[in-house]
Every structure is written in C-alpha cells, then in structure tokens.
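1. Quick one, what's the 3D model for this:
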Amino acid sequence: MTDGVTDPVTGDVMDDALRGVGRSALVALAEALQSGRIGPPYGRAELAPYVPMQHVSGLVALLSDPDSDGRGPRQIARMLGLVIRERAEVQRIEDRVELVWSPAEFDEVDSRDTSVVVQDLFRRATRCILIVTYVLDDGAKAQALFADLAARMDAEPELEVRIVANVQRPHGDDVDAQTLVTRFAKRQRERVWPGK
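-> Modelled structure (predicted):
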C-alpha cells in the first residue's frame with residue numbers, strides 16, 4: 001500500500017483515499033458495507049451512491065487492494081466506524097480551541113473589540129491559558145487588559161498562564177542575551193502585569 005493513514009484495526013498503512021471523505025459519506029459507506037448492500041467486487045457503480053464522485057476511484061482502489069488480508073465488508077465497516085469516532089473526537093478537541101486574530105485592519109471588518117473577546121476568553125478558561133504575541137502593550141492599556149486575569153491567578157494558583165512574546169533587541173544594542181531577557185522580564189512585571 002502507499003504512504004498514508006494508519007489503519008486503526010490492523011496498524012497497517014492505508015491509502016490516502018479516506019483522508020478527504022467527509023463524515024456523512026463514511027457513515028453511509030459503513031452502513032452499506034455492514035448491511036450487505038455493497039460487497040466485493042467493489043466498483044464505481046456500487047460506491048457512487050454513498051460517497052462523492054471525487055473519492056470513488058480512490059475508495060475502489062482501497063477496498064479492492066489485494067494486500068487487504070481478506071478483510072470482508074463487515075470488518076471494513078468496523079474500521080470505518082473507528083475512523084468516524086476518531087474524527088468526532090478530534091473535532092470535539094478542536095472545537096475547544098478558540099483563536100483571536102487581531103491586526104488593526106480587521107477591527108472594523110468584524111466589529112469586535114479584541115480586548116473584550118480576549119477578556120472573555122480569560123474568564124472562561126479553567127485550567128490554562130496560552131498567550132502568544134509579538135508585542136505586549138504596557139501601562140494603563142496592559143493593566144486594563146490583564147487586571148482580571150492577574151487577580152484570578154493570584155486567587156487561583158492552579159490556573160496556569162503562559163505568555164510567549166517577542167523579546168526585541170533594540171537597534172544597535174549589543175548586550176548579552178541573558179541581560180536582554182532579564183530586562184524584558186523586569187519591564188513586564190513593572191509595566192504590563194498587574195498581579196503578584
């Protein structure tokens with residue numbers, strides 16, 4: 001078989017034929033295989049009612065592969081069921097991640113105040129927050145943005161907040177890296193982060 005996805009039942013490498021097939025088509029195909037509506041030999045006419053045309057050829061090749069170790073329609077249906085459940089779990093995890101994109105030119109497009117969105121995300125977080133940014137504002141703007149989050153961290157030590165930020169070296173500055181990072185951290189504690 002060609003490089004591709006690992007078969008969750010056998011551990012074999014499967015063809016990429018399943019990769020682009022949507023959930024509803026996989027469910028329909030699995031049900032048709034399980035019920036006996038389709039079976040070997042697998043052809044385009046048999047699979048076409050169940051999957052989009054752009055995937056039919058790849059699936060015919062996958063199901064007809066002579067290296068399939070004699071897997072019957074019901075075994076293939078069970079394998080597809082595992083793929084369907086795995087995709088649902090991956091989607092559930094992905095749905096828990098929310099990204100906020102905030103270049104200034106987008107502020108007018110979506111009519112959302114980024115600081116309000118970010119503060120809402122901070123309030124809803126229960127265990128950890130990862131903030132990735134190329135720049136951190138300081139002074140009153142930063143204090144307002146991080147005030148509630150910093151207070152929560154002080155009150156809830158189990159809440160983990162990690163900030164990944166660009167430590168920019170000023171033009172012409174040749175100070176060693178450790179000193180540069182130490183200065184950056186001191187400035188963040190004094191001018192950006194309002195908590196303990």
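
2. Could I get the full set of helices for this structure?
-> 23-35, 44-47, 53-63, 73-95, 107-110, 114-124, 139-155, 177-191 (DSSP state H).

3. per-domain residue ranges of the protein.
-> The record assigns the chain these domain ranges, following automatic domain parsing: 16-95, 104-191.

4. Among these, show me which one is buried the most.
-> By mean neighbour count, with neighbours taken as mean count of other C-beta atoms under 10 Å, domain 16-95 ranks first of the domains of the chain at a mean of 15. All C-beta spots, glycine's among them, are computed from the backbone N, C-alpha and C.

5. Now the terminal residues of that domain, how far apart.
-> 24 Å (C-alpha to C-alpha, to the nearest Å).

6. how near is the residue nearest the centre of the chain to R87?
-> Using C-alpha atoms, centre = their mean, the residue of the chain that lies closest to the mean C-alpha position is E94, 4.4 Å off. Distance, E94 to R87, by C-beta to C-beta, to the nearest Å: 10 Å.

7. got it, and R127?
-> Note on R127: its distance to R87, by C-beta to C-beta, is 25 Å.

8. Over to F146?
-> Distance from F146 to R87, by C-beta to C-beta: 37 Å.

9. same thing with L130?
-> For L130, the distance to R87 equals 25 Å [C-beta to C-beta].

10. Name the helix or strand of this protein that has the lowest mean pLDDT.
-> None of the helices or strands of the chain scores lower by mean pLDDT, DSSP states H and E than helix 107-110, at a mean of 49.

11. Does L59 touch R19 like I think?
-> No - the pair L59 and R19 does not pass the contact test of C-beta atoms under 8 Å, sitting 11.1 Å apart.

12. Run through the chain and note the low-pLDDT ranges.
-> Along the chain, the parts satisfying pLDDT under 70 run over 1-15, 66-70, 97-113.

13. wait, what's in contact with V56?
-> V56 makes contacts with 44, 47-48, as judged by C-beta atoms under 8 Å, 6 or more residues apart in numbering.

14. which one of these is nearest Y134?
-> The closest of the contacts of V56 to Y134 turns out to be L47 (C-beta to C-beta; 48.5 Å).

15. Do I have it right that that closest one meets L62?
-> No - the criterion here is C-beta under 8 Å, and L47 misses it with L62 at 10.2 Å.

16. shared neighbours of the two, anything?
-> Both L47 and L62 lack any common contact, where contact means C-beta under 8 Å, 6+ apart.

17. chain center to stretch 50-57, what's the gap?
-> Chain-centre distance of stretch 50-57: 26 Å, with C-alpha atoms, centre = their mean, to the nearest Å.

18. Ok, stretch 35-51 next?
-> With C-alpha atoms, centre = their mean as the basis, stretch 35-51 stands 33 Å off its chain's centre.

19. mind exporting it as CSV, just the C-alpha atoms?
-> Provided in CSV are the C-alpha atoms of stretch 35-51 (Å, rounded to 0.1, in the frame of the first residue of the first chain):
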residue,chain,number,x,y,z
SER,A,35,-25.9,-4.3,5.9
GLY,A,36,-24.5,-6.1,2.9
ARG,A,37,-25.9,-3.6,0.4
ILE,A,38,-22.4,-3.5,-1.1
GLY,A,39,-19.6,-6.0,-1.1
PRO,A,40,-16.8,-7.3,-3.3
PRO,A,41,-16.0,-6.9,-6.0
TYR,A,42,-16.1,-3.1,-5.3
GLY,A,43,-16.8,-0.9,-8.3
ARG,A,44,-17.6,2.7,-9.1
ALA,A,45,-21.3,2.0,-9.6
GLU,A,46,-21.6,0.3,-6.2
LEU,A,47,-19.8,3.1,-4.3
ALA,A,48,-21.1,6.1,-6.2
PRO,A,49,-24.4,6.3,-4.2
TYR,A,50,-22.6,6.6,-0.9
VAL,A,51,-19.6,8.8,-1.5
